[in-house]
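*Asks:* prediction below, plus the sequence it came from.
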Amino acid sequence: MLYARSPLLATRGLVTKPHVRHQWCRFYSQPFTSGDTVIIRPANDHTDNFHLSKPLDSSGGIVNTRNGPINHDQIIGRHAREIITNSKGASFRLLQASLPEYVVLTKRLVTPIYPAHANLIASLLDIHASSAEEHISDQKLEILEAGTGHGALSLYLARAIHAANPSPPPLTPWKKATPPRKKATLDVPETTADPTPETKEPPEDAVESASNEDDTTLKAYKSTRSAILHTLDISARHSKHARSIVRNFRRGIYYSNVDFHVGDVSDFLATQARSKPWLSAVILDMPSANLRIPVLAKQMLPDAKLLIFNPSVTQIAECVQIIGQQKLPFFLERVIELPLGPNGGREWDVRVARIRKPAGEVATEEKGSGLLGWLGRLFGQKRVNEIVERQETAFVCRPKAGDRIPVGGFVGVWTRKRDNEGQ
């Protein structure tokens, strides 16, 4: 059953669906096979000196380490925590990569949302998915993530909804595509370099070919899903890379929960051609997120969550402003500051306030204390004085308690109001 602070909590429209038992995969007890990614660490070294392999390839794959290369054939068939020795006599321990380790160690084209932040953002949606009960709402849980990027947040969101879906069919076995052969020339001498070093990326067509085969395998399965993550990116290159990131984690365990799209938010919503609201949650991690809120409001179900992740609190303030100006049906729950470290977020006070002062009195705030003094330091005292004289509204953007700490970004959380709900 899907339990969430969302339309799926509604008791109306409940139907009975056949119970589907998941096939639990205990990856830590299974031997490594082709397509797995493995952490390789010196056997007697407990520091951060380790490597994450590319998908294991039995046809000549190699992991290059400072203590010599390791053939993929030496890893395939082994279990986690086993020790192997390479041709130079160096010993290494094999480990199964956890989700946080995988996110941090995989090759990146863009900066990922780091595990602590991705985990917090996913938890703010308050999704509880389980297939243990037979009764389930006929309303699907559909989440839109605009700004796929590296695919880190996509993995955490896909994990959050995973239990709601039946077990998918086996994906296409991983295989390495043969890169196009280069033409030989008489001027270039032959080299003895390894043709498949670990530092090189697989050809782009390798990812595309594997994705096409997986899509064919999952075509019939997708209609049976009760929870779907739609992830959208304006860059086709970034979307393709993120697809491979999700596909290569634990043999694609969460891959079937995600639909990848390329394009703009408005264009994507237009292609859906839905006659009524359908989105249970929206996450925006993109520039000018405030401009997408009006069109998204029409597609979001009552009580749906809107999460906006921005590097600056003033960008969150712009979202607060457009919601207030256009009277969009959203209730601001909280604004959280994400630190640079692995700790949890800190709550901020972000709202629109009307500054009231007697006519003719200048808001100098000589001591620099209070709201006007804080706004003066942030926006300039001259601008604040002009606002006071006209009695305009201004933003309150400040921590609720404590001193300022290094910032990794800000998350604003809104709830979509019901149509008959007042301000």
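*Replies:* Good, I have the coordinates.
*Asks:* domains for this structure, by residue range?
*Replies:* The chain breaks down into these domains under automatic domain parsing: 2-15+100-178+198-353+402-416, 38-96, 356-391.
*Asks:* distance to Pro31 added to those, as a markdown table?
*Replies:* Where you see a C-beta, it was placed from the backbone N, CA and C, and this is true even at glycine. A markdown table is the format used below for those (distance: least, C-beta to C-beta, whole Å):
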| stretch | distance to Pro31 |
| --- | --- |
| domain 2-15+100-178+198-353+402-416 | 12 |
| domain 38-96 | 5 |
| domain 356-391 | 58 |
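*Asks:* export those domains to a markdown table and tack on mean neighbour count?
*Replies:* Listed next are these as a markdown table, based on neighbours: other C-beta atoms under 10 Å:
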| stretch | mean neighbour count |
| --- | --- |
| domain 2-15+100-178+198-353+402-416 | 18 |
| domain 38-96 | 16 |
| domain 356-391 | 14 |
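*Asks:* next, format those domains as a markdown table and append mean pLDDT.
*Replies:* Shown next, in a markdown table, are those (pLDDT from 0 to 100):
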| stretch | mean pLDDT |
| --- | --- |
| domain 2-15+100-178+198-353+402-416 | 81 |
| domain 38-96 | 88 |
| domain 356-391 | 56 |
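*Asks:* and Pro168, how far from Ala43?
*Replies:* Remark: distance between Pro168 and Ala43 (C-beta to C-beta, to the nearest Å) = 36 Å.
*Asks:* Leu56 too?
*Replies:* Counting by C-beta to C-beta, the separation of Leu56 from Ala43 is 19 Å.
*Asks:* one more: Ala270?
*Replies:* According to C-beta to C-beta, Ala270 and Ala43 sit 56 Å apart.
*Asks:* for Pro294, same thing?
*Replies:* Remark: distance between Pro294 and Ala43 (C-beta to C-beta) = 58 Å.
*Asks:* what residues are up against the closest residue to Ala304 other than its chain neighbours?
*Replies:* Leaving aside its sequence neighbours, Ala304 sits nearest to Arg416 (C-beta to C-beta, 6 or more residues apart in numbering; 4.3 Å). Shown in contact with Arg416 (C-beta atoms under 8 Å, 6 or more residues apart in numbering): Ala297, Met300, Leu301, Pro302, Asp303, Ala304, Lys305, Leu306, Pro329, Phe330.
*Asks:* for Met286, state which of the residues you listed is nearest.
*Replies:* Looking at these and their distance to Met286, the nearest is Leu306, at 13.2 Å (C-beta to C-beta).
*Asks:* thought that closest one was touching Lys417?
*Replies:* No. When contacts are counted by C-beta atoms under 8 Å, Leu306 is not listed as touching Lys417 (10.9 Å).
*Asks:* list residues touching both of the two?
*Replies:* Both Leu306 and Lys417 are contacted by Phe330, under the criterion C-beta under 8 Å, 6+ apart.
*Asks:* check the gap between Ala122 and Val103 for me.
*Replies:* Distance, Ala122 to Val103, by C-beta to C-beta: 12 Å.
*Asks:* residues touching the residue nearest to Asn257 when sequence neighbours are not counted, list them.
*Replies:* What sits nearest to Asn257 in space, not counting adjacent residues and going by C-beta to C-beta, 6+ apart, is Ala158, at 4.3 Å. Residues near Ala158 by C-beta under 8 Å, 6+ apart: Leu229, Val246, Tyr254, Tyr255, Asn257, Val258.
*Asks:* could you dump these to a markdown table with distance to Ile113 and secondary structure?
*Replies:* Formatted as a markdown table, those follow (distance: C-beta to C-beta, whole Å; DSSP: H, G, I helix; E, B strand; the rest coil):
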| residue | distance to Ile113 | secondary structure |
| --- | --- | --- |
| Leu229 | 14 | strand |
| Val246 | 14 | helix |
| Tyr254 | 16 | coil |
| Tyr255 | 19 | helix |
| Asn257 | 18 | helix |
| Val258 | 15 | strand |
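*Asks:* Phe260 contacts His241, correct?
*Replies:* No. Using C-beta under 8 Å, Phe260 is not in contact with His241, being 10.6 Å away.
*Asks:* how about the backbone phi and psi for the closest residue to Ile161 other than its chain neighbours?
*Replies:* Among residues not flanking Ile161 along the chain, Ala227 sits closest, at 3.7 Å (C-beta to C-beta, 6+ apart). Dihedral angles of Ala227 (phi, psi; degrees, to the nearest 10) stand at phi -140, psi 130.
*Asks:* JSON lines for the contacts of Ala158, including distance to Gly408?
*Replies:* Output for the contacts of Ala158, formatted as JSON lines (distance: C-beta to C-beta, whole Å):
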{"residue": "Leu229", "distance to Gly408": "23"}
{"residue": "Val246", "distance to Gly408": "23"}
{"residue": "Tyr254", "distance to Gly408": "24"}
{"residue": "Tyr255", "distance to Gly408": "28"}
{"residue": "Asn257", "distance to Gly408": "26"}
{"residue": "Val258", "distance to Gly408": "25"}
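*Asks:* need the max-distance pair from the residues you listed.
*Replies:* Using C-beta to C-beta, the two most remote members of the contacts of Ala158 are Leu229 and Tyr255, lying 10.6 Å apart.
*Asks:* how far away is Gly147 from Leu229?
*Replies:* To Leu229, Gly147 is 13 Å away according to C-beta to C-beta.
*Asks:* all strands for the stretch 101-250 of the chain, in order.
*Replies:* Assigned by DSSP state E, counting those that start in this stretch, the strands in the stretch 101-250 of the chain fall at 127-129, 135-137, 141-146, 227-233.
*Asks:* try the stretch 251-400 of the chain
*Replies:* Using DSSP E, counting those that start in this stretch, strands in the stretch 251-400 of the chain cover 258-262, 279-284, 300-310, 330-339, 346-354, 393-399.
*Asks:* thanks a lot, see you next time.
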